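Participant: sharing a sequence plus its predicted fold:
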Amino acid sequence: MSAAHVTGPALLAFVEHESGVVDETGLELVSAGRAIAEDLGAVLHAIVIGPGAETALERLGAYGAAHAHVVAHPDLAAYAPAAYAESIIQLMGTHEAVGVLASGTEKGNEVLAHVAARTDLPMAANCTEVAAADGAPWALTRLRWGGSLLEDAELDASTKLATLAPHAFQAAEVNGAGIGGVTSAASRGAGIGGVRASAASRGAGIETVAATEFQPELDGASTAVHVVDHEPSGGGVSLASAPVVISGGRGVGSAEGFAVLEELAGLLEGAVGCSRVATNNGWRSHSDQVGQTGTKIAPQLYVACGISGATQHWVGCKDSKNILAINTDQEAPLVTRGNYAVIGSLQEVLPAIVDEVRRRKGA
Amino acid sequence: MGYDVLVCIKRVPAPGARINLTDDEQEIDTRHLGFTMSPHDECAVEEAVRIVAEHGGSSTVLCLGPPEADEQVRQAISMGIDHGVLLAIDEIDWDPQATASAISDTIASLASEGTTYDLVLFGNESPDAGNYQVGVRVAHRLALPIIAGIKGIDFTDDGVGEGERQRAGGRGSIRVRRQVTDGFELYELPLPAAVAVKEGLNLPRYPAIKGRMRARKAQVRGFEPQAEPGGLRKVRLRQPREQKTETVVLGHGPEAATAVVDLFEELGLM
């Protein structure tokens, strides 16, 4: 199998993909990895695992990977965290890895935690800055309290393991052609071995990612836990992707009190969310909860009704483009931190808003 | 009969809207804050209580933290946990490697006395440190299979007696559910196993008076673990830069409806 001539110490990046599609978080990882590898005088190797991995290679070169390892094994057809980790550890060994990076996602943190456990190396989760120098501890910054605080830390190990917080780093093509703006797939189907990056035809400055297939040796212990089945979700407007989220907290007062929020969300084709108080009181299901331990959202507009805005909630909604708080307390944190506010009882304000929306829609 | 379940929990501050730091920037200023167990951990405790109520067996809570973490151990007992273990340390927090080695050493030491567990539960991550690895490290040290991010646990051999399980050469298995973008993934783990759970698994109960009385009197077993520091060292904590927003008050009471709907139109939501 052909491969680019890659020498020197390696920085490995475990790049997640969904049936071959690498999302923005994965591209951020590759871009950041490229910069960190340069600081270390190392070469960035991307690791892609599971069905569709070959397709996932398409964009990695444009974003900075010098080499890619396509990990193939019959026991890796379904996600198996320990087996993923074992594959990465075997690649660490054969490539003198100075570090391994992954995305600070559920899967990225889980797989790297397995790598850390099996090698007894330290691991820093959800980093927002990494200053790496060859042969020295890495100085890094990581999220605490879901991002309400930052921790400056030092990571000292023979091989450093770190996950990168989603959206803390920018995805940028190697030649600086733009952020995430690659038009798709000039090289679809190029296959393993000299797969060209999608932007390869654009000329100077674009790297070619060469790929090699890697078949790890896996034992029963690492493959024992894997996905055995999948239950699809029910559909509807999802909290994570809705353009507008109408959310209720303590001020709503009861499960029945959410009816008017539902009505407004229905008129705006949005979703209903809630704070932890509403979940704890049994008014709403946890799947509606916005917050550090619930769903993190970034809608066009977040309408927070009767929610004061504790840390747990704030870290879940702070990335919203606009925040409108409806609250009787004009000193409530969500009122003072939001872009817009209405001071008053949501039981009076929301029905008036619903009436006005209906009137303008002629409904 | 039944299952023996261990739950590992962490004591964390219950902060308000802004988290203030101590002058030396090493910890959060907790002078005016209460403490609680980590939210995911609270669901793990609730699950352990439910498992034992349904299948029989016993539940134990284990906490590594300052001596004051006795409060969280008793909080778990007041929710229905049978036994408490506290690994008292001088600091608020240890790094993930030291924490995991102390917890796994304790579990191994209990096993040498004949106390073993079918299932070890962890919260997926703590809200304060967010290290995402203690459960996985403990499980690996104890050679237990583990899966993280779990929002549902079912025992697949429900109704099968202990004798039958033993005759079958094992302690049964669990089927667990993990939420992903487009639904749920299902995994099957042979027991003994470990699972890191997330909020949404269940709705934790509020302790009844009887539970609080029992918790007050309960014996909590103490261990004094030795620190084995790992390679991740905190230098300092700091506040992130926050963009100052000027809040536009659209109005007071129902009269604000016109301005609110103008905003909906302006944002293209109508």
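Facilitator: That came through, no problem. Residues are numbered from 1 along each chain as shown, chains lettered A, B, ... in the order given.
Participant: residue 35: which element?
Facilitator: As the question left the chain open, I've gone with chain A. With secondary structure defined by DSSP states H and E, residue A:35 is part of helix A:24-40.
Participant: sorry, should have said chain B
Facilitator: Assigned by DSSP H and E, residue B:35 falls in strand B:34-37.
Participant: buried sites along the helix holding residue A:35?
Facilitator: Using 16 or more other Cβ atoms under 10 Å in any protein chain shown as the test for burial, helix A:24-40 gives A:25-34, A:36-37, A:40. In this view, the C-beta of every residue, glycine as well, is placed from N, C-alpha and C.
Participant: keep only those that also lie close to chain B.
Facilitator: Subset of these in contact with chain B: empty, counting by Cβ under 8 Å from any Cβ of the partner chain.
Participant: burial count for residue B:213?
Facilitator: As a burial measure, residue B:213 scores 12 neighbours (other Cβ atoms under 10 Å in any protein chain shown).
Participant: typo on my end, it should be residue B:150
Facilitator: For residue B:150, the neighbour count with other Cβ under 10 Å is 28.
Participant: that one contacts residue B:180, correct?
Facilitator: No. Residue B:150 is beyond contact range of residue B:180, at 11.9 Å (criterion: Cβ atoms under 8 Å).
Participant: what ranges do the helices span in chain A?
Facilitator: Under the criterion DSSP state H, helices of chain A are mapped to A:24-40, A:53-56, A:81-94, A:106-119, A:220-223, A:259-267, A:276-280, A:311-317, A:333-337, A:346-361.
Participant: which of those has the lowest mean pLDDT?
Facilitator: Of all these, helix A:53-56 carries the lowest average pLDDT, namely a mean of 86.
Participant: show me what that helix is packed against.
Facilitator: In terms of contacts (3 or more Cβ pairs under 8 Å, 6 or more residues apart in numbering or on different chains; DSSP states H and E), helix A:53-56 is packed against strand A:67-71.
Participant: now what about the strand it packs on, what contacts it?
Facilitator: Contact with strand A:67-71 is made by A:3-4, A:6, A:10, A:43-50, A:53-54, A:57, A:60-61, A:87, A:91, A:192, A:195, A:209-216, as judged by Cβ atoms under 8 Å, 6 or more residues apart in numbering or on different chains.
Participant: sheet partners, orientation included, of it?
Facilitator: strand A:43-49 (parallel), strand A:210-214 (parallel) (DSSP bridges).
Participant: selection in ChimeraX covering whichever of the contacts of strand A:67-71 are buried, please.
Facilitator: Here is the ChimeraX command that picks out the buried ones among these, judged by 16+ other Cβ under 10 Å:
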select /A:4,10,43,44,45,46,47,48,49,50,53,54,57,60,61,87,91,192,195,209,210,211,212,214,216
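Participant: residues in the stretch 51-200 of chain B within reach of chain A, list them.
Facilitator: For the stretch 51-200 of chain B, the contact set with chain A under Cβ under 8 Å from any Cβ comprises B:95-97, B:100, B:125, B:127-133, B:136-137, B:139-141, B:143, B:145-149, B:175, B:177, B:181-190, B:198-200.
Participant: poorly predicted segments of the chain, please.
Facilitator: Went with chain A since none was named. A:1-7, A:175-208, A:235, A:363 (pLDDT under 70).
Participant: ah, I was thinking of chain B
Facilitator: B:1, B:158-170.
Participant: tell me where it has helices.
Facilitator: According to DSSP H, the helices that chain B contains are B:39-55, B:70-78, B:96-112, B:134-141, B:162-167, B:209-217, B:257-266.
Participant: my guess is residue B:13 contacts residue B:30, does it?
Facilitator: Yes. Residue B:13 is within contact range of residue B:30, at 5.0 Å (criterion: Cβ under 8 Å).
Participant: which one's more surrounded, the two?
Facilitator: Ranked by neighbour count (other Cβ under 10 Å), residue B:13 and residue B:30 place residue B:13 first, with 20 against 16.
Participant: nearest residue to that one other than its sequence neighbours?
Facilitator: Leaving aside its chain neighbours, residue B:13 sits nearest to residue B:33 (4.6 Å; criterion: Cβ to Cβ, 6 or more residues apart in numbering or on different chains).
Participant: I figured the one you found hits residue B:17, correct?
Facilitator: No. Here residue B:33 lies out of contact with residue B:17, judged by Cβ under 8 Å, at a distance of 11.8 Å.
Participant: mind listing what the residue of the stretch 151-300 of chain A found nearest chain B touches?
Facilitator: Among the residues of the stretch 151-300 of chain A, residue A:286 lies closest to chain B, at 3.4 Å counting by Cβ to the nearest Cβ. By Cβ under 8 Å, 6+ apart, the contact list for residue A:286 reads A:279, A:294, B:199, B:200, B:203.
Participant: just to revisit the earlier point, so which of the helices of chain B is the most packed in?
Facilitator: Mean neighbour count (mean count of other Cβ atoms under 10 Å in any protein chain shown) peaks for helix B:134-141 among the helices of chain B, with a mean of 27.
Participant: how about the CA coordinates for that one, as PDB?
Facilitator: The C-alpha coordinates for helix B:134-141 follow below in PDB (Å, rounded to 0.1, in the frame of the first residue of the first chain):
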ATOM      1  CA  VAL B 134     -12.300   8.100  36.700                       C
ATOM      2  CA  GLY B 135     -14.900   5.400  36.000                       C
ATOM      3  CA  VAL B 136     -13.000   4.000  33.000                       C
ATOM      4  CA  ARG B 137      -9.700   4.000  35.000                       C
ATOM      5  CA  VAL B 138     -11.200   2.200  38.000                       C
ATOM      6  CA  ALA B 139     -12.900  -0.400  35.700                       C
ATOM      7  CA  HIS B 140      -9.700  -1.100  33.800                       C
ATOM      8  CA  ARG B 141      -7.800  -1.600  37.100                       C
END
